[in-house]
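1. Got a predicted model here, sequence first, then my questions.
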Amino acid sequence: MPLIRLAYASDATFEAQPLEQGVEPHVARILMASRRNNGKVNIVGGLYYGDNRFFQYLEGDESAVRETYERIQQDSRHHNVRTLIEEPLKDRTFTNWSMKYVPASGDVKAFLERNQLSEFNPQAFDSSQCEEMIGLIRRSSQDQKLVNHGETTRMASQPPQTLSSGLKVGLVVAAVGLVVALAVAATLL
Ligand SMILES: Cc1cc2nc3c(=O)[nH]c(=O)nc-3n(C[C@H](O)[C@H](O)[C@H](O)COP(=O)(O)O)c2cc1C
């Protein structure tokens, strides 16, 4: 089965809402559907959302990528979808991620500064800027705890840790000291 890779830019049609667990809520829903569907057909890639615009990179079997892209293009949560890259791919370049999400990180800001771009406007990216973005997405696996919505939710439901470990050690030492002091006092009585 021939492989292809595809990148596009689009403009979000929704108004950005406050972040929930580090992700804009519309984007979180898109990511959940993407991970569910892309994993099944072995498509990998990444999504960047910034300045109310999207940049998405997909790679996988040609038919699966094309079918998915058809569906994505029909989605009313974005418009002005512009294909930036669509070409055959010899070998897969992403491993074990159905759809990474890249938050607005220092890496992206540095990329914009390096390219003297005042805002994130992927519609205007040239091919080397596209490749730079794809590299950035590929390298962003360490962000998974921030962006895996299910995992973040589980983490958030754990009881909050209110005492620092230094404070805990201090309290234990104070308690032991108190017990020793009481024992010494008892022997003196
Ligand atoms: C910017 C953007 C990126 C999307 N990326 C994907 C994707 O990679 N895979 C996918 O299955 N759906 C993606 N979607 C969602 C699809 O348009 C569609 O809502 C979804 O595939 C429907 O899946 P469901 O029938 O399982 O709910 C994306 C939507 C938007 C707006």
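-> Good, I have the coordinates. Numbering: from 1, shown residues only.
2. Mind listing what's buried along stretch 19-26?
-> Across stretch 19-26, burial judged by 16 or more other C-beta atoms under 10 Å covers 23-24, 26. The C-beta positions use only the backbone N, C-alpha and C, and glycine is treated the same way.
3. and what of stretch 48-60?
-> Residues of stretch 48-60 classed as buried: 48-50, 53-60 (neighbour count, 16+ other C-beta under 10 Å).
4. Kindly report the residues of the chain close to the ligand.
-> Residues of the chain lying close to the ligand by C-beta under 6 Å from any ligand atom are 10, 30, 33-34, 36-38, 47, 54, 56, 68, 71-72, 75, 77-78, 99.
5. Just name the shakiest helix or strand of this structure by mean pLDDT.
-> When the helices and strands of the chain are scored by mean pLDDT, DSSP states H and E, helix 149-157 comes last with a mean of 33.
6. Could you point out the longest helix of this protein?
-> Among the segments of the chain that qualify as a helix by DSSP state H, the longest is helix 165-188.
7. Dump that helix to PDB, keeping only the CA atoms.
-> What follows is helix 165-188 as a C-alpha-only set of coordinates in PDB (Å, rounded to 0.1, in the frame of the first residue of the first chain):
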ATOM      1  CA  SER A 165       8.200  16.900  50.500                       C
ATOM      2  CA  GLY A 166      10.500  19.200  52.500                       C
ATOM      3  CA  LEU A 167       7.700  20.200  54.800                       C
ATOM      4  CA  LYS A 168       6.700  16.600  55.300                       C
ATOM      5  CA  VAL A 169      10.300  15.600  56.300                       C
ATOM      6  CA  GLY A 170      10.300  18.600  58.700                       C
ATOM      7  CA  LEU A 171       7.000  17.500  60.300                       C
ATOM      8  CA  VAL A 172       8.200  13.900  60.800                       C
ATOM      9  CA  VAL A 173      11.500  15.100  62.400                       C
ATOM     10  CA  ALA A 174       9.500  17.400  64.700                       C
ATOM     11  CA  ALA A 175       7.100  14.600  65.700                       C
ATOM     12  CA  VAL A 176      10.000  12.200  66.400                       C
ATOM     13  CA  GLY A 177      11.700  15.000  68.500                       C
ATOM     14  CA  LEU A 178       8.500  15.500  70.400                       C
ATOM     15  CA  VAL A 179       8.200  11.700  71.200                       C
ATOM     16  CA  VAL A 180      11.900  11.600  72.400                       C
ATOM     17  CA  ALA A 181      11.300  14.700  74.500                       C
ATOM     18  CA  LEU A 182       8.200  13.200  76.100                       C
ATOM     19  CA  ALA A 183      10.100   9.900  76.800                       C
ATOM     20  CA  VAL A 184      13.000  11.800  78.400                       C
ATOM     21  CA  ALA A 185      10.500  13.800  80.500                       C
ATOM     22  CA  ALA A 186       8.700  10.600  81.600                       C
ATOM     23  CA  THR A 187      12.000   9.100  82.800                       C
ATOM     24  CA  LEU A 188      12.700  12.200  84.900                       C
END
